[in-house]
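Participant: Need a 3D model of the following:
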Amino acid sequence: MSNGIELAQYHLVSSSENGRKIYKMEQGKKSRQFLAAILSNLSSITTGLCLGWTSAAESKMKDLTQSPLSSIPSTEEFSWISSLTPLGALVGPYIAGPLTSRIGRKWTLLASSVFFIASFIILIFTNTVAFVFVARILQGLGVGFVMTAQTMYVGEIASDECRGALGSFMQLGIVIGILYVYCVGPYVSFQSYQCYCLIIPIAFVATFFFMPDSPHYYIQKGQEENAVKSLKFLRGKSTEGVQQELDEIRATVEESMKNKATFRDVFANAANKKAFIISAGLLTFQQLSGINVVLFYCQSIFETAGSSLKPAIATIIVGAVMVFSSGLTPVIVDRLGRKVILLFSAAGMTLSLALLGLFFLLDHNKSPIAESIKWLPIVSLIAFVFVYCVGFGPLPWAVLGEMFAPNIKPVASSMATSVCWIFGFIVTKWFSSLQDVIGSYGAFWLFGVFCAVAFVFTLTLVMETKGLSLQEIQDRLNGRK
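Facilitator: I've put the predicted structure just below:
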């Protein structure tokens, strides 16, 4: 056990006459920080609803007996319906980043629900493609808020030994949301679909409202009493029991706040530059893996492949695998470390996409072999989402939440999240055009090449943060042992 963890379990009771300090052990409760992280991740479930929403909604909008629209949207309109959420998510962080410093991580996260609730209400009553566009942009803004504020909140409320597990909860929440819409969407009307989606952001507001904000934020605002209350609740300890951690947070925050951060400061020194390259790089490869294509077009992929299972059932199976694999990460990440899991994930995605591309090539060439391996798209996609959700789904966000000093974090998180969604928008908007040019097999092989590059990037540039405190991470980035 590291000294930091040992000391966190003790508080000063008294000093003897010779000056020798006497400490009393105070174990505390990890369950409190897990509760706060789980409730904050109801916002991640809502994010998952928005990312998976298109899979069921597209098939309904193509059927005028189910669609609320007067006509079937064109291929171009469907591409915008899919890609406007990543586009909104690109803008959202630049609003959310400053808000995390002004009103706090908690209230910025709660504000995301305004966009989500408004979007689903619009979709309940929509009868034109234009209103669907508006709703999808609002969803994207909400996603941008969540991706910025949630990583900061969880990274700052978590103790050193729990940060990896809690940071992995975001991906678990996202895939639970995706599975939710995969299970509900195909079997209810378009309007009922939106009502079921509306339940989750309302539940998030009703429960997370009672959680404390990050102690780092309270210290930044000079609210010492609130910082103590927050730490006491999160650690399940007395005032004396959290004093040492409070002192460490205060020292870190005061040091980082000597100079107010700007976008230029992200590249002002080697540590920040390296942290941004690692964070933005992982998030870029996350999108270039093609995951959003799988999420947005999952049902369509199985329909195109002529899968032996009904597309709706195959999609639900994929969603269930995503939840299962995402649930593994919090259990293993603080044992194996971030880097090993990311390498496993990148290698697995490369192989899975290579096999998926092979099937579509055989199918394109009318090979008789394709008829005998109709199971391959299901197996390949299941393998792909499994390794993605274990590694490249959750861990880039966990790394983003722990890489930067408190004053840099709001600005750097906004920039890194925006980089992520720039590529998310590009991939989803032009996937159909890419298919037309190089075929489905070529598109999936291209994603596989990006995953192979992600393996090399992780192997050579990503540093391991397992078991390190936020200050120790900064020391490593600055080249101090």
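Participant: Can you list the low-confidence ranges for the protein?
Facilitator: Residues of the chain meeting the criterion pLDDT under 70: 1-26, 256-261, 295-309, 406, 481.
Participant: quick one, longest helix in it?
Facilitator: helix 409-461 (DSSP state H).
Participant: packing partners for that one?
Facilitator: helix 75-102, helix 129-157, helix 270-288, helix 291-305, helix 338-364, helix 395-402 (3 or more C-beta pairs under 8 Å, 6 or more residues apart in numbering; DSSP states H and E). Placement of C-beta: from N, CA and C, glycine included.
Participant: try 7 Å this time
Facilitator: Using 3 or more C-beta pairs under 7 Å, 6 or more residues apart in numbering; DSSP states H and E, the elements in contact with helix 409-461 are helix 75-102, helix 129-157, helix 270-288, helix 291-305, helix 338-364.
Participant: Tell me which of these is the most buried.
Facilitator: Comparing those by mean neighbour count (mean count of other C-beta atoms under 10 Å), helix 129-157 ranks first with a mean of 26.
Participant: Distance from the chain centre to that helix, please.
Facilitator: Between the centre of helix 129-157 and the centre of its chain there are 11 Å (C-alpha atoms, centre = their mean, to the nearest Å).
Participant: Quick one: list the elements packing against that helix.
Facilitator: Against helix 129-157 (3+ C-beta pairs under 7 Å, 6+ apart) you get helix 31-40, helix 42-61, helix 75-102, helix 105-125, helix 163-167, helix 169-184, helix 395-402, helix 409-461.
Participant: got those helices as CSV, with distance to L353 columns?
Facilitator: Below are the helices and strands packed on helix 129-157 laid out as CSV (distance: least, C-beta to C-beta, whole Å):
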stretch, distance to L353
helix 31-40, 32
helix 42-61, 19
helix 75-102, 19
helix 105-125, 31
helix 163-167, 26
helix 169-184, 19
helix 395-402, 18
helix 409-461, 4
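Participant: Tell me which of those lies nearest to D363.
Facilitator: helix 409-461 (8.2 Å; C-beta to C-beta).
Participant: angle of that closest one against helix 75-102?
Facilitator: For helix 409-461 against helix 75-102, the angle by axes from the mean of the first three to the mean of the last three C-alpha atoms, to 10 degrees is 110 degrees.
Participant: Hey, what's the angle from helix 409-461 to helix 395-402? Just curious.
Facilitator: Using the same axes, to 10 degrees: helix 409-461 against helix 395-402 is 130 degrees.
Participant: next helix or strand past the longest helix of the chain?
Facilitator: helix 470-477 (DSSP states H and E).
Participant: List of residues touching that following helix?
Facilitator: Contacting residues not belonging to helix 470-477 are listed as 252, 271, 274-275, 402-403, 405, 463, 465, 468 [C-beta atoms under 7 Å, 6 or more residues apart in numbering].
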